[in-house]
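**Q** Sequence first, then the predicted structure, then my questions.
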Amino acid sequence: MASMYYSELALDHAESPRNVGVIQEADGIGVEMNPVCGDLLTLFIKVQDGHIADAKYQIRGCAGATAASSVLSELLIGASLEDAGRITFQSVLDALGGLPPSKLHSAALAEVALKKALAYYQSRGTR
Amino acid sequence: MASMYYSELALDHAESPRNVGVIQEADGIGVEMNPVCGDLLTLFIKVQDGHIADAKYQIRGCAGATAASSVLSELLIGASLEDAGRITFQSVLDALGGLPPSKLHSAALAEVALKKALAYYQSRGTR
Amino acid sequence: MPDRLIYLDHAATTPVRPEALEAMLPYFSEQYGNPSSIYRLAQEARKAVDEARQKGARILGCRPNEVIFTSGGTESDNTALKGVAFAARQWGTHIITSAIEHHAVLHTCQFLEKFGFQVTYLPVDGEGIVDLRELEAAITDQTVLVSIMYANNEMGAIQPIAEMGALIKSRSRALGRSIAFHTDAVQAAGALDLNVTRLGVDLLSLSAHKFYGPKGAGVLYLRRGTPFLPQQQGGSQERFRRAGTENTPGIVGTAVALELAVAEQEEVSRRLSGLRDRIIREVPRRVPDTRLNGHPTRRLPNNVNFSFEGVEGEPVLLGLDFAGICASSGSACTSASLEPSHVLTALGLSADLAHASLRLTLGRDNTEADVDYLLETLPGIVARLRALSPLARSAD
Amino acid sequence: MPDRLIYLDHAATTPVRPEALEAMLPYFSEQYGNPSSIYRLAQEARKAVDEARQKGARILGCRPNEVIFTSGGTESDNTALKGVAFAARQWGTHIITSAIEHHAVLHTCQFLEKFGFQVTYLPVDGEGIVDLRELEAAITDQTVLVSIMYANNEMGAIQPIAEMGALIKSRSRALGRSIAFHTDAVQAAGALDLNVTRLGVDLLSLSAHKFYGPKGAGVLYLRRGTPFLPQQQGGSQERFRRAGTENTPGIVGTAVALELAVAEQEEVSRRLSGLRDRIIREVPRRVPDTRLNGHPTRRLPNNVNFSFEGVEGEPVLLGLDFAGICASSGSACTSASLEPSHVLTALGLSADLAHASLRLTLGRDNTEADVDYLLETLPGIVARLRALSPLARSAD
Ligand SMILES: Cc1ncc(COP(=O)(O)O)c(C=O)c1O
Ligand SMILES: Cc1ncc(COP(=O)(O)O)c(C=O)c1O
């Protein structure tokens, strides 16, 4: 692995991922898989008053993917739907203090799962 | 140079070559040159009563050639003509305690110069 | 980092052992002469290189001038394959190797394919062994070279090199032409017999840093008379077969380390295979859905390779690293190429199971206490990761 | 051996300087991790390699990923020439080099000739310099590579590399196709400017043991975008351009030594060229029929090369060795190939004068006292040998 420096923060998220789990009555669900390395992320969101009231996920994958999912959940909880819609893989990277080049796809995984969860929520119509 | 271990004895001959010089009224002269590396040996012999009474030489060449010439002169002085005729490059090598593989031609140089000096002597007819 | 450091990645590299380092030290700044120079300072270096070559020859059971010092296992493999292929191509352009070779062999074969060679990649069975009959069937009247690794670096499978050597020799006699036989013995040194006559090989590769010698140093055995076009041109070093100023300290360290590794081979192998078997027995008891990769017994005494279903190898390594244990994985996420291990997929593992692999390779300093600690630590790491997974059996 | 040892063969090799050795030591047995592994032990090694690469890049004035670590100058030269030639052969098969290159370049050219390349060997003038007009005239629309050494290892002549770089770039623009320019800078490091932009080169070779770094370690600068087919296949090291486990201590030692050599370059060069010029002035006064080989001023600050008419170089070296002085010669009798130096014969020297050559190359530890001792010792040795010679002017 050419250059694999997880930031201290990323390592911390990977070792102690925040907000792991399932939201039983989720308002949005996004499932994304990286076909190359098999990383699999399931993201759940709960929406209240135009804000993300809760976010949980399950992840099978490398430490980068776990850290990206974990930090994404932190970014999400409490964010307005508008702000949540602006979160990209770059926001995830910034929040983690970067990922090694070979792990950028982990941040992308998080972004795509989020997009899917938000689309799922939108497709159900506002309640 | 792949493996260049001159024996102590060869080094001693190269540093302090014995019997260097010219015999003014030589009975035999042999000049031999190695065309590859330019080693040049001039061997002089003086014959008395069927024996080599004296042997001298001049040498331009590598240390191996100098050592071979020097030890050849020692082998020659006092030897019968018959014994002198039996001296080969192997006798020179043996007397030196060997030469490195890349220097075997130095011993050959000595043998050829000796053969030429003896032939020169013979060609003049016995006196 | 935690206080303890338990190194279980000896197939990746090993520390230089003190005896080797001590032997090397004088050649950096004191006996620094260029072995090709003629003054005495340099002849000390020449002597050291010659002695190292003799040590190597004694261990391989060959002539000293059949030993070529290189910059490592990769160079030895590259030089062996290219050296024979380019020298023999007027007689044939077919090469046989296996699907589980190290990239130093496989990627060299791909390089040779660009130069017009045809390569057969023999498959292996589910436990990683090449079938002798498949080898025999693959040999054609165009075959000039067979390269089969002695022991695999990922899952430790040991190939029947001596039988292959005999087979190739007899086929080659029948065909009335010579077929060179190379083995990558990089992982075998210090564990298996390296006698080139008993093995029946014409070329053999070693890498010093795999047997407690220095990095950047290796050996290529080249049987006299084998067709060979040198691959590094320049000065007259190594009898023109590998030009370049000799790495005197590296060469000295290689020979000392090799000699000691072979001297201790029996005892170390016995001890390590005991530790290995304990891990192979105990981990599956403590970690459900664990699969052992590679042959249960025809494997290197120091090699363990598991796949833990549903878990990516990389975070297992990180978890172990946090606990002070160094290990490796065939997961794509730990390789720069982002491909899962070609060795594990050649065994028939799915990409998922290849990603889920963990390699533990023991070494001379490992103890029962290290294994105790591993057995305490590993199950929790795997369990924790499984708990994160969307594919986890729901706990209840 | 005599008490004193005066080393005047720094072009052959140099001792590892203490700062470099000290920097290397931790990477043998402590920070021994394989830089490709992901645990922290190994990441220390990775960091050391990355830092070494950055140091190299700063000195060459290039990007870190244009720096490739190799096993020495010979590998760098081989890889540069073969790497470009095989990558570019669909556009052309013509290579230009000079008659005075190191064998690492010349013999590689001969290797490439076997693979269908045509090579022009530019002559040099009597002082060892390549004529820019001859270079210009040699470039054809088939030319894909020019390789000209920066400074010669035998007689120190310095080529106008920057002018050549500019010329090649303008010719290549006119032809509308790229011509790669490589320079063998093995002898230039620590004496001449190594900035690849100012030099206008696409590839550049270095060898660590020539600048007080370790043997078995070198550098290849490879400009981004240069056509290049890697020559050592295997793992993903060096961004797939040079496979093989990194020689961490060697790489670290290379970078430290290079950085120090460049930092001290101005002062050391000034001091050594003073010593050099004193030898060049004094020896001919004390030894009749002495000829200086190479250019009087466009030469390396540490290089002296004489021919003593009528004297074979080898016994001069032995005489000096007895006196505790290490030197070298272009005589066939000191080379394994039994050929006189191709460099000296390219200057127009007869084989006899090439055999009669003595090379003295100074280094950072040499002093005025060393030169005093040389000047005392050398004349007697030459005189004694001349007295043995059948060609001597008869003494009277
Ligand atoms: C089986 C095998 N062959 C070849 C190599 C290459 O050796 P090195 O990286 O020392 O060049 C290795 C180790 O990396 C290996 O395990
Ligand atoms: C000009 C030049 N190029 C290349 C080399 C080859 O370097 P190495 O022997 O370290 O591989 C040398 C030294 O031997 C040299 O002087």
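**A** Received, thanks. Ligands and ions are numbered 1, 2, ... in the order given.

**Q** Where does pLDDT dip in the stretch 201-350 of chain C?
**A** Low-confidence segments of the stretch 201-350 of chain C (pLDDT under 70): C:336-337.

**Q** In contact with A:T88: list those residues for me.
**A** Contacts for A:T88 were tallied using Cβ atoms under 8 Å, 6 or more residues apart in numbering or on different chains; they are A:E111. Where you see a C-beta, it was placed from the backbone N, CA and C, and this is true even at glycine.

**Q** What separation do you get for it and C:N293?
**A** To C:N293, A:T88 is 39 Å away according to Cβ to Cβ, to the nearest Å.

**Q** again with C:H102
**A** Plainly put, C:H102 is 16 Å away from C:N293 if you go by Cβ to Cβ.

**Q** C:A392: how many residues sit nearby?
**A** Other residues lying near C:A392 total 15 when counted by other Cβ atoms under 10 Å in any protein chain shown.

**Q** Surely it and C:A383 touch.
**A** No - taking Cβ atoms under 8 Å as the definition, C:A392 is not a contact partner of C:A383, at 9.9 Å.

**Q** Tabulate the CA atom coordinates of the helix or strand hosting C:A52 in CSV.
**A** Applying DSSP states H and E as the criterion places C:A52 in helix C:40-60. Extracted C-alpha coordinates of helix C:40-60, given in CSV (Å, rounded to 0.1, in the frame of the first residue of the first chain):
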residue,chain,number,x,y,z
ARG,C,40,45.0,-4.6,-0.2
LEU,C,41,42.2,-2.5,1.2
ALA,C,42,40.0,-3.7,-1.6
GLN,C,43,41.2,-7.2,-1.5
GLU,C,44,39.8,-7.5,2.0
ALA,C,45,36.4,-6.8,0.5
ARG,C,46,37.1,-9.2,-2.4
LYS,C,47,37.9,-11.9,0.1
ALA,C,48,34.7,-11.2,2.1
VAL,C,49,32.6,-11.5,-1.1
ASP,C,50,34.4,-14.7,-2.1
GLU,C,51,33.9,-16.3,1.3
ALA,C,52,30.2,-15.3,1.2
ARG,C,53,29.9,-17.0,-2.2
GLN,C,54,31.5,-20.1,-0.8
LYS,C,55,29.1,-20.2,2.0
GLY,C,56,26.2,-19.8,-0.4
ALA,C,57,27.6,-22.6,-2.5
ARG,C,58,27.9,-25.0,0.4
ILE,C,59,24.3,-24.5,1.3
LEU,C,60,23.0,-24.8,-2.2
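
**Q** mind listing what's buried in it?
**A** C:40-46, C:48-50, C:52-53, C:55-57, C:59-60 (16 or more other Cβ atoms under 10 Å in any protein chain shown).

**Q** ok, residues contacting the helix or strand following that helix?
**A** The first helix or strand that comes after helix C:40-60 along the chain, using DSSP H and E, is strand C:67-70. Strand C:67-70 has contacts (Cβ under 8 Å, 6+ apart) with C:49, C:52-53, C:56-57, C:60, C:76, C:79, C:217-222, C:238, C:241-242, C:246-247, C:250-251, C:254.

**Q** filter those residues by proximity to chain D?
**A** Contacts with chain D within those, counted by Cβ under 8 Å from any Cβ of the partner chain: C:217, C:246-247, C:250.

**Q** out of the residues you listed, which are inside helices?
**A** C:G250 (DSSP state H).

**Q** Please list only the buried members of the ones next to chain D among the contacts of strand C:67-70.
**A** C:217, C:246-247, C:250.

**Q** farthest pair in those residues?
**A** Farthest-apart pair in these is C:A217 and C:E246; separation 10.4 Å (Cβ to Cβ).

**Q** Give the intersection of the neighbour lists for those two.
**A** Residues touching both C:A217 and C:E246 (Cβ under 8 Å, 6+ apart): C:69, D:216.

**Q** Tell me the residues of chain A that contact chain C?
**A** Residues of chain A lying near chain C (Cβ under 8 Å from any Cβ): A:1-2, A:6, A:11, A:14-15, A:17, A:20, A:31, A:36-42, A:58-66, A:102-103.

**Q** wait, what's in contact with C:R241?
**A** Contacts of C:R241 (Cβ under 8 Å, 6+ apart): C:68, C:222, C:228, C:230.
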